[in-house]
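**Q** Build me a structure from this.
(chains A and B)
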Amino acid sequence: MSKLVAFAAIQGAYNIVTKVEGLYKRAVEQYGPEQKLEFPNTGYFLPIIYSLLGIPVKDLASAKRPLEVARSLLPAHVQRATHLPYLGPLLDAGMAALFAEEIAEAIRYVDDPDFYLHSEECEVVKDADGKVDWAKSKIWLGAADDVVMRKRGVEFVDGSAPGFAAIVGAAPTPELAKEIAEEYQRRNLYVFMAANQSGTTFTEQLVESDVQVGWGTRLVPFGPDISAAVFALGFANRAAMAFGGVKPGDYRRILQYNKDRVFAFVNALGEVNAEWAANAAGCVNWGFPTIADTDIPEILPTGVCTYEHVVANVGPHEMVQKSVEVRGLKTVITKVDIPLSYGAAFEGERIRKDDLFVEFGGGKTQMTELVEMAEMDETEDGKVTVIGKDLGDLGDKGGRLPMGISVKVAGRKMQADFEPILERQIHHLINYAQGVMHIGQRDIAWVRLGRPAVEKGFTIKHFGQILHDMFHKDFGSILDKVEVTIFTEPKDVDEFTKKARAAYKSRDERVENMTDEGVETYYSCTLCQSFAPTHVCVVSPERTGLCGAYNWFDCKASYEINPTGPNQPIEKGECLDPVMGNWKGVNDFVSKASRGAVESYNFYSLLNEPMTTCGCCECIAAVLPACNGVMTVHRDYTGETPCGMKFTTLAGVMGGGQSSPGFVGHSKYNIVQRKYIVGDGGLLRMVWMPKSLKEELAEGIKRRGEEMGVPDLIDKIADETVGIDEATVLEYLQKVGHPAMEMDPITG
Amino acid sequence: MSADEIKVTAASKKDKKANPKEVTVDPATTQMLAKAQADGVETIFDRALTMKPCNIGEQGTCCKNCSQGPCRLPLPKKGIEGKDTRMGLCGATPETIAARNFARMVAAGAAAHSDHGRGVAEVFLAAARQETDDYGIKDVEKLLEIAPDFDVPTTVMVEGEDGVKVEQERDIYQIATEVGVKALGEWGKQEGEVYYAKRAPEPRYELWKELDVVPRGIDREIVEIMHRTHMGVDQDYHNIIKQCSRAALADGWAGSMIATDLQDIMFGTPYPTQGEINLGVLKKDHVNIIVHGHEPLLSEMIVVATQDPEILEYAKSKGAHGIVLAGMCCTANEILVRHGMPIAGNYLQQELAIVTGALDAMVVDVQCIMENLANVADCYHTKLITTNPRAMIESGNTLHIEFDEHHALEDAKRIVKEAIDNFTNRRSEVLIPNVKEKMVVGFSQEAIKYHLGGTFRGSYVPLNDNIINGRIRGIGGVVGCNNARTMHDSAHLIVVKELLKNDVIVLTTGCNAMACGKAGLLTPESAAVYCGPGLAEVCETVGIPPVLHMGSCVDNSRILMAATQVVKAGGLGKDISDLPAAGCAPEWMSEKAISIGQYFVASGVYTLFGVGLPVTGAPRFQKHLFEELEDIYGGMWDLELDPYEMAKKMIAHIDKKRAALGLDKKKERVLMDMADRQKLDAA
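**A** The predicted structure is shown next:
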């Protein structure tokens, strides 16, 4: 019955395009063609139009052409008898609708700048009775900016988010909405929400059911109209450009990338009208199928999507399972033996004061975590001992407790080097539990436990249970036994903390003393290769992965855990250039892995054959020739920089896995590692950094400054409060006597 | 002969008249044949009863290549026991004789298509050089697509203002002129390879190279067949067939393919459009003109002429309500797939169009034009107008208006005016059968690609995907002529319907396409009626008929390119011979069909012919064609008179190929996890 779908969708596309043409005409009359059109903080203009047509829409005038393309894509209506083929025209009609809607949403940003809240989290205001005050609440987030896109995009890249469900409409009841959303959360999928069903939205149903919505919980309320679906697709296309290195205008590869790598689909909840049908048809271009809960005509043969295109009549309880199956996605629900839902999507949950039952650490009490390697015969697997008070002892009102979590891990392949790696997992592993919030690490850890979690039966023992179950799941190949002891008596916690601090110290010293010269083996990292297929990282002790997520120890452990996985040992071989950091073994590997595209790269230089960069990088450094130095910018900084490009533009130019002399991607931590661009003069070349990055790394920069003989280096590095153009920066450098002023010319 | 003489001759054979209900499955044909007989007009259907085919020629073992013969070497009814000692005066074996005759059919067929192609290339070059106002470059996109195949650059590096070289698009007419020169050069090329050979899937091209059958130049391969088959030259049927492959490939992958491409560039690449078919498209109160033959060069201009307001006014001044321009045979297909112009019928209906009494002019160019048209036209008022210097008719009162591409529209208008002038001369009772069918046509390989995914995702992947998952069992190419020795359209329709029932999607051209059109198989609605559930579902999804009309017989080159696209889309092997596909020509009659058959076989396709093949008198030669060629090319000939069996054999071959591809087992749904995704190839 595809004919009915085609008939409706083509009709819907006509409605949408015609409506937007009217809207556009009115906007031009009202604001003039020079009126800027943009989504907040993005280097990708209106991303669907930019990625597929290669047209950068900057103002109303430049939106004219894509709107004309939309009109020209509208096919003839499907005739009753002896009709012409309609699949191709149907997909074109869908695309036309999306182009038009993207322009409509951009015009909305002009008409009503406060319609969307530019934030990662919604503002939900409740009245005295605990009811949502819709008038005061701001729940619609609109277009994700590039900071969010990159941060969240990395989760798609590394697989911690397998895909997204674009939910349009509303569930039959708020309870069912909650059920569906939480099921997606348990499977780590993002839920992107748009459109309403007779005025009711899925988002509002969730808010009413006390479900936290926002990017943090992976339940993203884009907008109340169907046109907000463009935000989901725009997000996906930006991922293809940012991480996949696909060029704008290369529509075939953009869409193929999405079909192969972005596991997204549409859930149409409630009656499907013609405009929804047009949007669904548009999504099929991406390989995103539609799964509906109503009796709409199905399109089952495969081809444009991996499997079915439209599946109908799926009940709310089967919706999630059926959807991932239709999309060809395997999602795993992490089973942990605790009375709470568990998954990455719950990581971003906040525990508000009103919901708080008990707090550990956070300045008021001490909280400490330590993972230690132990002998096999000293460790009893699965044993969790709580020494001291438990939650029951706090009465109905709850309160505060100190906490020390001691994890003993034993295994034939366990090494002391893996201790910090496992320990660092505690943060997100505990955070994944619904209703539990974890912040920090080591002796500054902080946990908040919400009342609902406690009501469901969560006790302190369950922290241990989580760590036991998850360590076995994620690290089963290097460990055999996990035993957890949890202290909640102040005296015990203090004693444990003392012991832990000693362990941290010796560990830090060991890491600190690791050098590139001291090891023969580096590790490759192709963790992001599912998204950035041409990029290969090589990680050495003094050059951590540019995404900031993987250091040399992590790679080593990852290799032990999964010998055929994304981290492979590379014998660095003969050193061809100790200053620039160039090794024969590494070059051979890179040449092979890049199929000859990159034959050699240097670890310690951004000027000469720098390492390749992918869209996941935390920071990008660039030469400032006039200043005789370099600048770097991290992805959370959205402002302009002295090199003339924002982070997002830099990443767009660089992020395709190329080696671009004059630029290099790196992690934040790498800035304070000893070998940081040492081939170009090292950290002393650093003339500009965003203030926030400087503050974040202050301690390290000071230490490195002292080591390099410029103890006040940090104060000599300019930031945006000094200026964002080279001339102003230069003036400042000369004034403060920045060491780069005295160094050899950076170019030539 | 005068009209009366013709009628007398017919009357004298009145006991040997064809039964209109037994010689065709088409009701319009039945009705008109009855009228012809009532009008005392003899047609091919009647003569098929009175004249039997030559028994020895039918077997392919009559040699008349020198004046010492004809040597006739029939195979005894009981067959031959022991050594076959038959030979001609010179010692030629039945194999040598049959192979030589076969080769000459290939040469004639390849010559026909290719000479058509040459004409197109000449007009194209004139258009590219802007020597004519009547033809132009309509499909620029296709021009740019094929230019690289001729090593013609589409961009040029020019020095910009700052001295830096920048890439700039070249002038379209410049590109077209270079393409035209190189295309036309393909006919006279003496060495090297024809350009389009490299369009084939790489393993196929490599195989041709290895077998040394890549055509050097179109004319050369045809001439070489004529030389080799001269008395006392090539007397090894293996070696003769090798040259047949070379000449046939020069037809399919050069002459015909160039014709198709250049026609598309000049007149537009076909995209699905609606049309109507059968004699019912003629209108009593209109001037009726039929263009019949094969080349679109003239008919395109006649289309323009019949839409000219001045001409229409002229028609009205003669009392007509308008002009109906309909096509017949492959000319019909050409203007149908590009303009949706109606088709009056296929090959065996040509005389019957005149029998309606409503046809004011039949305009013919080349190929498949029965000389008897002149005799039938003399019985009615119809003017038979020949237009091509290669194709004149001595019989009857045929008018010759030579068509020259340099004043094409002028010639076309003159022809149309002749028809209009003749409107007032209608004399006998006009009877137009109230029979016509709607259809959706125009599936070029470009159109198929578009309709399988739209502007942004168009590709053959969905087709391959549904072949892999078994909704579609395979691809059947059903093409070819009509043949008065078999029931008109019957075998065509049986084969096609059997294939559809078994989920085999059908690609069609030529007279088969028209047979399907008349039977309603070219409507999207027919999918639900005739197809197996899998194919029906796919047709419903895409909105296509289960039989895809790809054009004229020259456009069989489109099937080659579609097959190549399927190979390149992946998942179905590396070569055309790996595809679950088969081809057939159930009612073939012309030598062009033999050339087509040979280029499909040499391209790796199992190709079945109905009616009969002139090879049966030479068993070893037949075995070579039917069996041994499979080991060489992956494709081979076969003969099957029963259309049900023909379909069965095609399906069996498709199943064999499916099994070889491992598609005989059901594929499980793959659910991808992160590890699977990391294994994805670089995009």
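
**Q** Spatially central residue for the chain, please.
**A** Chain wasn't specified; assuming chain A. Nearest residue to the geometric centre of chain A (CA atoms, centre = their mean): A:Arg152, 1.9 Å.

**Q** not what I meant, chain B
**A** B:Cys553 (1.0 Å).

**Q** neighbours of the closest residue to the residue nearest to the centre of chain A other than its chain neighbours, just the number please.
**A** Distances taken as CB to CB, 6 or more residues apart in numbering or on different chains place A:Trp215 nearest to A:Arg152, at 6.4 Å, with adjacent residues excluded. Yep, even glycine has a C-beta here, placed from its N, CA and C like the rest. Residues contacting A:Trp215 under the criterion other CB atoms under 10 Å in any protein chain shown number 19.

**Q** which ones are touching A:Trp215?
**A** A:120-121, A:141, A:144, A:148, A:152, A:348 (CB atoms under 8 Å, 6 or more residues apart in numbering or on different chains).

**Q** how close does it sit to chain B?
**A** 21 Å (CB to the nearest CB, to the nearest Å).

**Q** name the element residue 105 belongs to?
**A** Picking chain A for this. helix A:87-111 (DSSP states H and E).

**Q** wait, chain B
**A** Under the criterion of DSSP H and E, B:Met105 resides in helix B:94-128.

**Q** That helix packs against which elements?
**A** strand B:62-63, helix B:172-188, helix B:218-228, helix B:237-250, helix B:256-267, helix B:296-306, helix B:591-602, helix B:619-623 (3 or more CB pairs under 8 Å, 6 or more residues apart in numbering or on different chains; DSSP states H and E).

**Q** For A:Gly382, find the nearest of the ones you listed.
**A** Proximity to A:Gly382 (CB to CB) singles out helix B:591-602 among the helices and strands packed on helix B:94-128, at 69.6 Å.

**Q** Other residues contacting that closest one?
**A** Residues outside helix B:591-602 that contact it (CB under 8 Å, 6+ apart): B:102, B:105-110, B:112-113, B:208, B:213, B:244-245, B:247-249, B:251-253, B:367, B:477, B:479-481, B:553, B:556, B:560, B:583, B:585, B:588, B:607, B:609, B:625, B:629, B:633, B:635-637.

**Q** separation between the closest residue to chain A within the stretch 151-300 of chain B and B:Thr455?
**A** In the stretch 151-300 of chain B, the residue that lies nearest chain A is B:Pro272 (4.8 Å; CB to the nearest CB). Relative to B:Thr455, B:Pro272 is positioned 15 Å away (CB to CB, to the nearest Å).

**Q** A:Ala229 now?
**A** A:Ala229 is 20 Å from B:Thr455, by CB to CB.

**Q** Comparing these two, which shows the higher neighbour count?
**A** A:Ala229 (29 against 19).

**Q** The residue in chain B positioned nearest to chain A: helix or strand, and which one exactly?
**A** When scored by CB to the nearest CB, chain B has B:Pro462 as its residue closest to chain A, at 2.4 Å. Here B:Pro462 sits within helix B:461-468, counting by DSSP H and E.

**Q** mean confidence for that helix?
**A** On average, the pLDDT along helix B:461-468 is 95.

**Q** Going by contacts, tell me the helices and strands next to it.
**A** Secondary-structure packing of helix B:461-468 (3+ CB pairs under 8 Å, 6+ apart): helix B:533-542, helix B:556-569.

**Q** Now do the same contact list for the residue lying closest to A:Gly362 once chain neighbours are set aside.
**A** Excluding the flanking residues, the one nearest A:Gly362 by CB to CB, 6+ apart is A:Trp446, at 3.8 Å. By CB under 8 Å, 6+ apart, A:Trp446 lies in contact with A:359-363, A:367, A:438-440.
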